[in-house]
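Undergrad: Sharing a sequence plus its predicted fold:
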Amino acid sequence: MKKILSVFCMISLSCGLSLRTADACTGITLRSEDGAYVLARTIEWGGSDLNSKYVIVPRGYKQVSFVPGGAKEGLSFTARYGYVGLAVEQEDFVAEGLNEAGLSIGLFYFPGYGKYESYDVSKKSSSIADLQLASWLLGSCKTVEEVRDALKEVHVVAIDPRASTVHWRIADASGRQYVLEIIDEELRFYKNDLGVLTNSPSFDWQKTNLNNYVNLYPGSAITGTLSGNVHLSPFGAGSGMLGLPGDVTPPSRFVRAFFYQHTAPCQHTAVETVLQSFQILNNFDIPVGVEFPAGKVPSDIPSATQWTSVTDITNRIIYYRTMYNSAIRSVELNKIDFSKVKYRAIPLDNIRRQPIFSVEIK
């Protein structure tokens, strides 16, 4: 019992308190000329180190969901498909993952707008914690249709009522992508034809808000004349985007991500598109100090953007880099035999700080 309670205290602290200090995630979608379908995202958590891991989950691996109170007494599930996930705080909590069938699922913080079902202990065997939903779906489903059908059979609940709710980006190998939100205890699916996702408010509101930026366009504004003798000209390139919001709020990041994604040139190959995704998401790295009052900035982490991942669904590869190490690393699912591999959870960083190397000149 003591072990269960200590786990629950850790969950409550990480999910309930830290989420209030930074609940920012930014997601984009790109395609390459050779047909690769690539999803990318950041994850932010400004209060402390998430102690993130990547988990390799074989077929046949059994898990049980947490329920309110901290016990693992919820839905029992066994992986039909093997998958690789990037987990936060606990290896059970996969925030971004890809399975061997090409299903990709990521959770994005959704504070203040989501509302799950109230937990009913009589339904605990079909109750799944929101932070374990990605794990269950990655192990169980192949397509977005299967995801929608599977969700009819479960009850998504919060482990700790003080914690932020989340919403999910769901995509499969066909190129279809949806956003799942649970609002007023109702499942809502939105077709994500934009390929962009951030946080609150709801996805349909974010799409509508884009209309406020109908005046923006790529390139430079034309030189004009006002009142016959006042000549106005742009200071430099990109003036067609004057008015693009630059702050770190979710609506502003949504707008910025949309325009950066949709003006990005299509790359020839999957690898080029992966690198392009990382370059675009450089613009969404959040320095840890911007979200805190003066004198309240945590000193133990270098960035609120703890890691950035890029998922090549077509070629079944997850790439990532972290706030401690900007080198891009990858896990190739096609090189894993999910019928034989053992379950493992490995820290994203084996070193706490990225080493700096001097260049030797001969």
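TA: Yep, it's here.
Undergrad: Report the residue spans of the stretch 151-300 of the chain with pLDDT below the cut-off.
TA: 299 (pLDDT under 70).
Undergrad: Who are the contact partners of G102?
TA: Contact partners of G102, counting by C-beta atoms under 8 Å, 6 or more residues apart in numbering, are 142, 172-173, 313-314, 316. (Glycine included, C-beta is placed from N, CA and C.)
Undergrad: and these, which two are the farthest apart?
TA: K142 and T314 (14.9 Å; C-beta to C-beta).
Undergrad: separation between S48 and C141?
TA: Going from S48 to C141 by C-beta to C-beta, to the nearest Å gives 32 Å.
Undergrad: Look at the two and report which has more neighbours.
TA: Taking other C-beta atoms under 10 Å, S48 and C141 do not tie; C141 has more neighbours (23 against 17).
Undergrad: per-residue pLDDT, that one?
TA: On the pLDDT scale, C141 is placed at 98.
Undergrad: ok, N212 - contacts?
TA: V255.
Undergrad: That one belongs to a strand, doesn't it?
TA: No. Under DSSP: H, G, I helix; E, B strand; the rest coil, N212 falls outside any strand and is assigned helix.
Undergrad: wouldn't F189 be in contact with I182 here?
TA: No. The criterion here is C-beta atoms under 8 Å, and F189 misses it with I182 at 10.5 Å.
Undergrad: Among these two, which residue is more densely surrounded?
TA: Using other C-beta under 10 Å as the criterion, F189 and I182 rank with I182 on top: 23 against 16.
Undergrad: Can you tell me who the nearest residue to L151 once chain neighbours are set aside pairs with across the strands?
TA: Leaving aside its sequence neighbours, L151 sits nearest to L187 (C-beta to C-beta, 6 or more residues apart in numbering; 6.0 Å). Under DSSP bridges, the beta-bridge partners of L187 are I182.
Undergrad: Is L187 in contact with L180, as I believe?
TA: Yes. The criterion here is C-beta under 8 Å, and L187 meets it with L180 at 6.7 Å.
Undergrad: got any residues that touch both of the two?
TA: Contacts common to L187 and L180, judged by C-beta under 8 Å, 6+ apart, are L151.
Undergrad: Who has more neighbours out of the two?
TA: L180 (23 against 14).
Undergrad: if I pick that one, what's in contact with it?
TA: Counting by C-beta under 8 Å, 6+ apart, L180 has contacts 147, 151, 167-168, 170, 187-189.
Undergrad: Out of those residues, who's the most crowded?
TA: Ranked by the number of neighbours (other C-beta under 10 Å), those place H167 first, at 25 neighbours.
Undergrad: Give me the three-state assignment for it.
TA: Under three-state DSSP, H167 comes out as strand.
Undergrad: Would you confirm that it contacts G114?
TA: Yes. Applying C-beta under 8 Å as the test, H167 and G114 come out as touching, 6.4 Å apart.
Undergrad: who touches both of those two?
TA: 181-182.
Undergrad: sorry, back to before: out of the contacts of G102, which is nearest to E91?
TA: Taking the contacts of G102 together and measuring to E91 by C-beta to C-beta, the closest member is R316, at 21.0 Å.
Undergrad: Look at K123 and give its secondary structure.
TA: helix.
Undergrad: What's the local residue count around it?
TA: Around K123 there are 15 residues (other C-beta under 10 Å).
Undergrad: With adjacent residues omitted, what lies nearest to it?
TA: Looking at K123 with C-beta to C-beta, 6+ apart, the closest residue is H155, at 5.5 Å.
Undergrad: got a list of what the one you found touches?
TA: By C-beta under 8 Å, 6+ apart, the neighbours of H155 are 117, 119-120, 123, 126-128.
Undergrad: May I have the beta-bridge partners of it?
TA: Taking DSSP bridges as the rule, H155 bridges to S127.
Undergrad: Brilliant, that's me finished.
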